[in-house]
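# sequence? don't have it. structure:
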């Protein structure tokens, strides 16, 4: 237990508003700004729908940011055999699975 090393989720400091990063909150603020600019032309239900879509967009971006892998494109290319890596030992998964 003495060798325990905590691994932080984020290595960079990012600006946050509550639990959300600033780029995620910007989606909601943009929808509120659109409603504010066009408030005379839009019916009340459409205004609520635009703000709701902005909120849902903020939640989806938060979900994507917290679950994505930064090197996903490289991983797919490596898995499909288009790229090779000199930093990893060779995989023997085909031998283990019988393929």
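Nice, I can see it. Just so it is clear, the structure is predicted and the values come from calculations on it, not from any experiment.
# The residue nearest the centre of the chain in helix, strand or coil?
Centroid check for the chain by Cα atoms, centre = their mean gives residue 65 as the closest residue, at 1.9 Å. Under DSSP: H, G, I helix; E, B strand; the rest coil, residue 65 falls in the helix class.
# you'd agree it is up against residue 20?
No - if you go by Cβ atoms under 8 Å, residue 65 and residue 20 don't touch, sitting 9.3 Å apart. Placement of C-beta: from N, CA and C, glycine included.
# tell me the contacts of the residue nearest to the centre of the chain?
The contact partners of residue 65, by Cβ atoms under 8 Å, 6 or more residues apart in numbering, come to 21, 24.
# so what pLDDT did it get?
On the pLDDT scale, residue 65 is placed at 79.
# For it, give its distance to residue 39.
Residue 65 is 31 Å from residue 39, where distance means Cβ to Cβ, to the nearest Å.
# swap in residue 22?
If you go by Cβ to Cβ, the gap between residue 22 and residue 39 works out to 25 Å.
# which intervals of this structure have sub-threshold pLDDT?
1-2, 7-13, 68-72, 85-96, 98-99 (pLDDT under 70).
# ranges for the strands of this protein?
16-17, 20-21 (DSSP state E).
# and the ones you listed, which is most packed in?
Of all the strands of the chain, strand 20-21 has the most neighbours on average by mean count of other Cβ atoms under 10 Å, namely a mean of 18.
# what about the closest residue to residue 83 other than its chain neighbours, how many neighbours?
Closest residue to residue 83 apart from its sequence neighbours, by Cβ to Cβ, 6 or more residues apart in numbering: residue 77 at 4.2 Å. Neighbour count for residue 77, taken as other Cβ atoms under 10 Å: 13.
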